[in-house]
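# Model the following, please.
(one chain, ligands or ions: 1)
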Amino acid sequence: MKNFNPTQTNAWNKLQSHFETIKDTHLTSLFKDTNRASTFTIQWQDFLVDYSKNRITEETKTLLLELAEEVGLSEAITSYFGGDSINATEGRAVMHTALRDFSDVAFQKEEVAQVRSSIKTFTKSIIDGAHKGATGKTITDVVNIGIGGSDLGPVMIVEALQYYKNHLSTHFISNVDGDHVMETIKDLDPETTLFVIVSKTFTTQETLSNATTVRKWFVDQLGEQAVENHFVAVSTNLEAVQNFGIASQNIFPMWNWVGGRFSLWSSVGLSIALAVGYDHFEQLLKGAHEMDIHFKEQPFEENIPVITALLSVWYNNFFGAESEAVIPYTQYLHRLPAYLQQAIMESNGKSVDRNGNRVTYETGNIIWGEPGTNSQHAFFQLIHQGTKLIPADFIGFKKSLHGNTDHHDKLMANFFAQTEALMNGKTEAQVLSEFEGSTLSRKRIEQLTPFKVFEGNKPTTTYLIDTLSPKTLGALIGMYEHKIFVQGVIWNIYSYDQWGVELGKQLAKQILSDFQDVNTSKHDASTKQLMNSYKKD
Ligand code: F6P
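Residues are numbered from 1 along each chain as shown. Prediction:
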């Protein structure tokens with residue numbers, strides 16, 4: 001991939017001057033153009049992506065697209081899908097897209113198909129009860145033990161697809177917090193529970209500790225010989241899994257070319273397939289694959305991941321926005337922001353460019369959010385009237401799954417109302433007119449008015465999707481994955497490594513052994529004081 005400083009490109013310089021001319025323009029004035037809504041909308045399959053409530057003009061879009069061309073985005077996309085080692089610091093290709101490619105030309109087609117087929121066979125045997133536990137009972141509960149990408153993707157999707165769920169109860173253990181482990185297993189019956197241990201590396205402290213505790217709890221009740229019917233694992237590290245005591249026929253492999261935070265499409269998605277059945281899992285993959293094709297083939301000006309990534313760059317690097325909110329208007333997507341935090345922040349939270357130099361510009365944005373309407377009653381005040389600019393993604397669905405149109409209309413009325421309010425705000429004149437006929441004194445009205453004014457001009461992008469289905473969900477997640485890629489290309493950073501999480505892991509190991517003798521350990525005075533206080537209790 002090309003190596004450059006994006007701020008040195010012609011397009012960046014033009015964007016900088018353009019920014020100076022547009023930065024104070026209010027969105028409401030841009031809407032004097034009666035074609036604006038349709039000009040800045042992409043309709044793709046069941047998705048209507050309306051990005052007209054963003055602080056851009058046609059010139060902004062042209063310049064952002066010029067930037068994409070100038071940094072070599074087209075060639076980068078070819079390298080990404082072509083299996084080049086674009087994760088250069090780890091010497092790996094980034095091929096999670098191959099996991100959802102059912103075509104004849106797919107990368108490692110046979111191996112991928114074989115793993116999919118074993119997921120299908122296994123999940124069917126658990127769901128229809130053919131696979132029995134060691135004491136002859138059918139499985140009723142599935143516990144996924146993993147962390148980071150080995151947890152967040154599966155839990156987010158299982159929650160999102162609750163409507164499509166079968167009779168199995170699915171549980172997730174991720175935190176090394178023993179209380180989390182014990183709370184999860186305390187009411188489970190080992191005779192009817194399947195444990196899925198998910199760790200790409202099979203070296204992650206949290207997952208191995210949790211799996212060891214759970215295995216012991218299980219063996220204490222049913223004995224060692226029962227493990228085979230109740231424990232399966234997903235990993236690239238087959239040897240470590242076998243050493244842990246899981247038979248080779250119970251291992252679902254994955255590959256090094258699948259990054260942890262992009263792995264839900266692989267056998268890491270086993271608990272998804274168990275929860276909603278293999279056919280729904282396949283629909284999820286197919287939806288993502290269709291987004292892959294859209295991303296690869298659609299001209300940039302009509303390309304959802306490209307446009308949305310460019311908008312992020314626009315706010316991050318020109319407006320100085322530090323964070324972005326993701327607000328799904330469905331309770332089913334309540335784990336989406338947490339999932340995207342890992343996907344986006346672990347990928348683009350980098351400060352060294354592809355030359356190994358400290359970047360001279362901002363990179364990855366902070367991602368946060370909660371479902372609407374709950375979030376309206378929590379943090380929306382700050383988005384509306386705070387001092388920070390927070391571009392937000394609003395994700396909503398035209399149809400409710402349970403068909404309660406009364407509730408759905410209320411939900412969606414809020415969805416549309418918020419983006420409109422964020423854009424328009426409320427002027428002083430509007431506030432004053434609302435006071436007309438009020439019994440308040442003129443003085444009191446004058447005092448209150450500034451607090452009731454909303455500046456507006458807060459940017460949002462609306463994703464209006466027909467229904468929440470495995471297919472549309474796959475496409476939505478695929479869209480964010482490609483958005484991450486585009487941003488990484490523009491910022492000239494490596495999006496697919498995560499060295500930043502290593503230091504904390506190393507130190508935690510050290511501190512664990514230093515608990516034995518805190519005073520002679522080499523920690524700073526504050527850390528020693530805290531460790532001593534912890535050990536005394
Ligand atoms: O947080 C660091 C990380 O390496 C993530 O990238 C990964 O998803 C997670 O740990 C879990 O890793 P593993 O699947 O190897 O246990």
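# who's in contact with residue 328?
By Cβ atoms under 8 Å, 6 or more residues apart in numbering, the contact list for residue 328 reads 334, 336, 337, 369, 371, 372, 395, 396. Every residue, glycine included, has its C-beta placed from N, CA and C.
# Touching, residue 349 and residue 500? I think so.
Yes - look at residue 349 against residue 500 with Cβ atoms under 8 Å: they come within range, at 6.4 Å.
# about what we covered before: now flag whichever of the contacts of residue 328 is closest to residue 213.
Using Cβ to Cβ, the shortest approach to residue 213 within these belongs to residue 334, at 27.5 Å.
# Next up, the contacts around the closest one.
Neighbours of residue 334 in contact, by Cβ under 8 Å, 6+ apart: 159, 328, 370, 371.
# how about 7 Å then?
Neighbouring residues of residue 334 by Cβ atoms under 7 Å, 6 or more residues apart in numbering: 159, 371.
# mind checking the backbone torsions on it?
Phi and psi for residue 334, reported as degrees, to the nearest 10, are phi -70, psi -20.
# Model confidence for it, exactly?
What the model reports for residue 334 is a pLDDT of 98.
# for residue 537, same thing?
For residue 537, the predicted pLDDT is 61.
# Quick one: the strands in the protein, in order.
Applying DSSP state E to the chain gives strands spanning 41-44, 47-50, 141-145, 169-173, 193-198, 231-235, 251-253, 323-328, 366-368, 392-397, 460-465.
# quick one: which of those is nearest residue 163?
Closest to residue 163 of these is strand 392-397 (Cβ to Cβ; 11.3 Å).
# how big is the angle separating the closest one from strand 323-328?
Put simply, strand 392-397 runs at 10 degrees to strand 323-328, going by axes from the mean of the first three to the mean of the last three Cα atoms, to 10 degrees.
# I would like the residues contacting strand 392-397, please.
By Cβ under 7 Å, 6+ apart, strand 392-397 touches 324-330, 333, 383, 412, 415, 418-419, 460-468.
# which residues sit against stretch 228-244?
Contact with stretch 228-244 is made by 132-134, 190, 193-203, 211, 215, 218, 246-248, 250-256, 267-268, 270, as judged by Cβ under 7 Å, 6+ apart.
# Please list which of these also come close to the ligand.
The subset of those within reach of the ligand, by Cβ under 6 Å from any ligand atom, is 199, 200, 201.
# now those: which count as buried?
199, 200 (16 or more other Cβ atoms under 10 Å).
# Outline the domain layout of the chain.
According to automatic domain parsing, the chain is divided into the following domains: 6-70+298-424+458-497, 97-279, 502-535.
# May I see the ones you listed organised as JSON lines, with distance to residue 89 added?
Conversion of those to JSON lines gives the following (distance: least, Cβ to Cβ, whole Å):
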{"stretch": "domain 6-70+298-424+458-497", "distance to residue 89": "5"}
{"stretch": "domain 97-279", "distance to residue 89": "12"}
{"stretch": "domain 502-535", "distance to residue 89": "12"}
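# Out of the ones you listed, the one nearest residue 83 is which?
Residue 83 lies closest, by Cβ to Cβ, to one member of the domains of the chain: domain 97-279, at 5.6 Å.
# With neighbour numbers in mind, choose between residue 349 and residue 500.
Between residue 349 and residue 500, residue 349 has the larger neighbour count (other Cβ atoms under 10 Å), namely 17 against 12.
# Please list all residues in contact with the more buried one.
Neighbouring residues of residue 349 by Cβ under 7 Å, 6+ apart: 364, 500.
# Recalculate using a threshold of 8 Å.
Residue 349 neighbours (Cβ under 8 Å, 6+ apart): 363, 364, 500.
# Residue 368 now?
Neighbouring residues of residue 368 by Cβ under 8 Å, 6+ apart: 323, 324, 325, 326, 337, 341.
# I'd assumed residue 465 was in contact with residue 46.
Yes - in terms of Cβ under 8 Å, residue 46 counts as a neighbour of residue 465; the distance is 5.5 Å.
# shared neighbours of those two, anything?
Shared contacts of residue 46 and residue 465 (Cβ under 8 Å, 6+ apart): residue 472.
# tell me the mean pLDDT for the helix ranked longest in the chain?
Identified as the longest helix of the chain according to DSSP state H is helix 470-491. Taken as a whole, helix 470-491 has an average pLDDT of 98.
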